[in-house]
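*Asks:* Sharing a sequence plus its predicted fold:
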Amino acid sequence: MIVKNKHSIWAMACLAVAAVSLVGCGGGKKDPNAAYEPKSITMVAPSDAGGGWDKTARSVVKVMSDTKLVAVPMSVENVPGASGAKFLAAYLAKDVGNDSKLFVNSPPLLINNLKKDGSPSGYRDVTPLAGLTQDFGILAVRVDSPIKDVKELMDKFKGDPTKISIAGGSSPGSMDHLIALLPLYKSGVDITKVKYLPFDGGGKAIVALLGGEADVIATDASGITEMAKAGKVRVLGISSAERLKTDALAQIPTFKESGIDAEFLIWRGVFGPKDMSANAQKFWQNALKELSTKPEWQAELAKQGWVGDYKDAEQFKAYLGQQEATIKELLTTLGLAK
């Protein structure tokens, strides 16, 4: 090649330097044997403060920091939007190899990927590290509501489903919407006429209920516990197979007890980026396993009203595959699948 002038030489030199810089700054593949030595850790809750993801992220960070399972600073970042889909899109675009940024999630990771007009990405596009807890869906009303139990609520919907509204902390077709629709569908209600009011996070949905913007709320049991303790809401039914043992919700009948064949399990777990290094995966798998055995974590489970359900990475991946099939069937039944 003949270089005609000094400007061409300068341009070629810049290109060469850029190519070397890209390799040196992460454009090439990471060394799989490199030690995992993060300076800090961010745990993302893909929602506003106050919901199940936020509480899970903060509980994990608190216990890991307090027990010195992680020696570097840990922080929680809230990234609300589209039931977690907004965060996931950005995470896959910008943090595919960022070993210092983890996130918590639950069924919306699967639901968003399976529902109509949902996310093109799902759990196979990230790295499942561990399953940690079980939670369940509930239907609740304000304490001054004339509706006293699930049967009365179903009768109201059967009479005229357009005259009663349900708030949820997720978008239409996502988790809280399914919690709302499943018992209604099983009770013979025309779910196409149900007025569902979506909010970005369970905290905002609770505010809407208490403020009279909605008649009913569909959310997770742990997210409503404090309001139930404070006497601000009346929980009508829960999607668990049997009654919970937590003080605030121990007297709440399951949907099955009310004659409705509707169960819905809310798992929560921790995930890393798709291209997470082997050493980072090993570190977090070990740390999360140890977390599950700590008395401090058991105390946090009791405080939040969660059921401990630790699954290691391989067990968690297998479980997610099973849950994907179950949720796809549910969405198909409700006419919400792709």
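*Replies:* Yes, it's here.
*Asks:* ok, and for stretch 162-181, which residues are buried?
*Replies:* Neighbour counts over stretch 162-181 (16 or more other C-beta atoms under 10 Å) mark 164-181 as buried. From N, CA and C alone the C-beta is placed, and that goes for glycine too.
*Asks:* Quote the end-to-end distance of it.
*Replies:* By C-alpha to C-alpha, to the nearest Å, the extent of stretch 162-181 from end to end equals 14 Å.
*Asks:* now stretch 243-252
*Replies:* Distance between the two ends of stretch 243-252: 7 Å, counting by C-alpha to C-alpha.
*Asks:* before we move on, back to that, please flag which of the buried residues of stretch 162-181 sit within helices.
*Replies:* The helices, defined by DSSP state H, take in M175, D176, H177, L178, I179, A180, L181 from the buried residues of stretch 162-181.
*Asks:* Adding pLDDT and distance to K94 as columns, could you present those in a markdown table?
*Replies:* Below are these laid out as a markdown table (pLDDT from 0 to 100; distance: C-beta to C-beta, whole Å):
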| residue | pLDDT | distance to K94 |
| --- | --- | --- |
| M175 | 94 | 25 |
| D176 | 95 | 28 |
| H177 | 95 | 29 |
| L178 | 96 | 30 |
| I179 | 96 | 31 |
| A180 | 96 | 33 |
| L181 | 95 | 34 |
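*Asks:* nearest to K311, of those residues?
*Replies:* Using C-beta to C-beta, M175 comes nearest to K311 of those, at 19.1 Å.
*Asks:* ok, now which ones touch the closest residue to P73 other than its chain neighbours?
*Replies:* Closest residue in space to P73, ignoring its immediate chain neighbours: S40 at 4.6 Å, by C-beta to C-beta, 6 or more residues apart in numbering. Neighbouring residues of S40 by C-beta atoms under 8 Å, 6 or more residues apart in numbering: V72, P73, M74, S75, S100.
*Asks:* Ok, P128 next?
*Replies:* Contacts of P128 by C-beta under 8 Å, 6+ apart are G269, F271, A313, F316, K317, L320.
*Asks:* out of those, who's nearest V126?
*Replies:* Checking the contacts of P128 against V126 by C-beta to C-beta gives F271 as the nearest, at 4.7 Å.
*Asks:* so can I have CSV of the ones in helices among the buried residues of stretch 162-181 showing distance to A90?
*Replies:* Output for those, formatted as CSV (distance: C-beta to C-beta, whole Å):
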residue, distance to A90
M175, 20
D176, 22
H177, 23
L178, 25
I179, 26
A180, 28
L181, 29
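*Asks:* quick revisit: selection in PyMOL covering whichever of the contacts of P128 are buried, please.
*Replies:* Here is the PyMOL selection string for the buried members of the contacts of P128, based on 16+ other C-beta under 10 Å:
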select buried, resi 269+271+313+316+317+320
